[in-house]
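Visitor: show me how the following folds:
(chains A and B)
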Amino acid sequence: MRALGLATVFCFGAILFYISFDFPGWGDENSPASQHVSPYYIEHTMDDTSVPNIVTAILADYRGYDTLFETAVIFSAGLACFFLLRIPERQAPPARFYRHLATGITFRIEKGGRLPEDTDEFERIDSVWVPYDVIIGMTCRLVVPFIQLFALYVIAHGHHSPGGGFQGGVIFGAAIILFAISNNLRRTLKRMSEKTSALLGSLGVLIYAGTGILCMVLGAGFLNYSALASLLGVDPVSARSHGILIVEIGVGIAVTAVMVWIYYNLSSAGRQDEGL
Amino acid sequence: MIWPLDIIILTIVIICGIAAISIKDLLGAAIMFGAYSFMMCLLWSVMGAVDVAFTEASVGAGVSTVFFVAAVFRTTRRTRD
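Guide: Modelled structure (predicted):
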């Protein structure tokens, strides 16, 4: 059976390798894609949309449908993780651990014991993983705002440099995940609850689809941003550039929220109580 | 394109890919996937696809590795059933 599997893998590998010789060479100007598709974008993007980064213009304007449904796919990935993993049970865990802040002594409180939830003298700690390191906590606290600022720069500057909604959103989500790793899950959930992340995720998709429908209401095709010219008070070419920015912000919000949401469910096995 | 650099990165990509599926430790496999993604990111940027390289670095090497580690953290050494 093993030999049969290996033979199949090698056969298909050899076929794929053989077919790859038919591919056009890297940067081949005679390949079909370079003959009529790419030259159109290279010649017309600046006149059509006034966006210097052609990749951004193709992603969010010429091929706006693809990006809309990619955002929807990411949102449904978050929803799938939620439906598969989330355990809404409210019963108390077997034992909880608390640290007395003044003395540093750790208490183990068995099931049914009185929990010191409403006092400031005790701090809840995880039973498996105890992140109690001043250096790590302080470094992450210093680094997180700069990562978030960089993420906003990546979203806003996607017109001129590599980047855009997806990358910026992922970096912003990664900053929040870094905060969750360096502190703990409950403190992060207090700052950005699960409800917030779910609502922000759907808001991002709504901004994208809403921009498209707004273009339809103003009398142009779906996601044809030049219709926004009268609303924004600019010429149609600049309106397409601004439309791309609006859409990228929507993508960024959705991706940020979904990344954080998936992390919440994955790291705590759906209980959202104790996590990485 | 600098061809020796290209071949070195491609070799590391293949080594990382084989290591990721053959390694016994799940955490090691997750880290190997991260290294694989980062090498792919270098390969994209060598080929001039900077946007794809950026996505690969942030999604592939960054967040998905964190997701893998978070999932591995919830596994146990022995199955319960």
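Visitor: for residue A:97, helix, strand, or coil?
Guide: strand (DSSP: H, G, I helix; E, B strand; the rest coil).
Visitor: now do the contacts for residue 70.
Guide: I'll assume chain A. Contacts here follow C-beta atoms under 8 Å, 6 or more residues apart in numbering or on different chains; on that basis residue A:70 touches residue A:166. Bear in mind the C-beta positions are built from the backbone N, C-alpha and C, glycine included.
Visitor: please go with chain B instead
Guide: For residue B:70, the contacting residues are A:263, A:266, A:267, A:275, A:276, by C-beta under 8 Å, 6+ apart.
Visitor: out of the residues you listed, which are close to chain B?
Guide: A:263, A:266, A:267, A:275, A:276 (C-beta under 8 Å from any C-beta of the partner chain).
Visitor: residues near residue A:114, how many?
Guide: 6 (other C-beta atoms under 10 Å in any protein chain shown).
Visitor: that should have said residue A:247, apologies.
Guide: 28.
Visitor: for chain A, what are the nearby residues on chain B?
Guide: When proximity is defined as C-beta under 8 Å from any C-beta, chain B approaches chain A at B:1, B:47, B:50-51, B:53-55, B:58-59, B:62-63, B:66-67, B:69-71, B:73-74.
Visitor: torsion angles phi and psi at residue 40?
Guide: No chain specified, so I'll use chain A. Phi and psi for residue A:40, reported as degrees, to the nearest 10, are phi -60, psi -50.
Visitor: tell me how many other residues crowd residue B:42.
Guide: 18.
Visitor: spit out the contact partners of the residue nearest to it when sequence neighbours are not counted.
Guide: Nearest non-adjacent residue to residue B:42, counting by C-beta to C-beta, 6 or more residues apart in numbering or on different chains: residue B:9, 5.3 Å away. Contact analysis of residue B:9 by C-beta under 8 Å, 6+ apart lists B:39, B:42, B:43, B:46.
Visitor: tell me the average confidence for the host helix or strand of residue B:9?
Guide: Using DSSP states H and E, residue B:9 maps to helix B:3-22. Helix B:3-22 carries an average pLDDT of 89.
Visitor: tell me the confidence at residue 76?
Guide: I went with chain A, as the question did not name one. So residue A:76 comes in at 94 (pLDDT).
Visitor: oops, I was thinking of chain B
Guide: Residue-level confidence at residue B:76 comes out at 75, pLDDT.
Visitor: that one and residue A:151, how far apart?
Guide: From residue B:76 across to residue A:151, the span is 35 Å (C-beta to C-beta, to the nearest Å).
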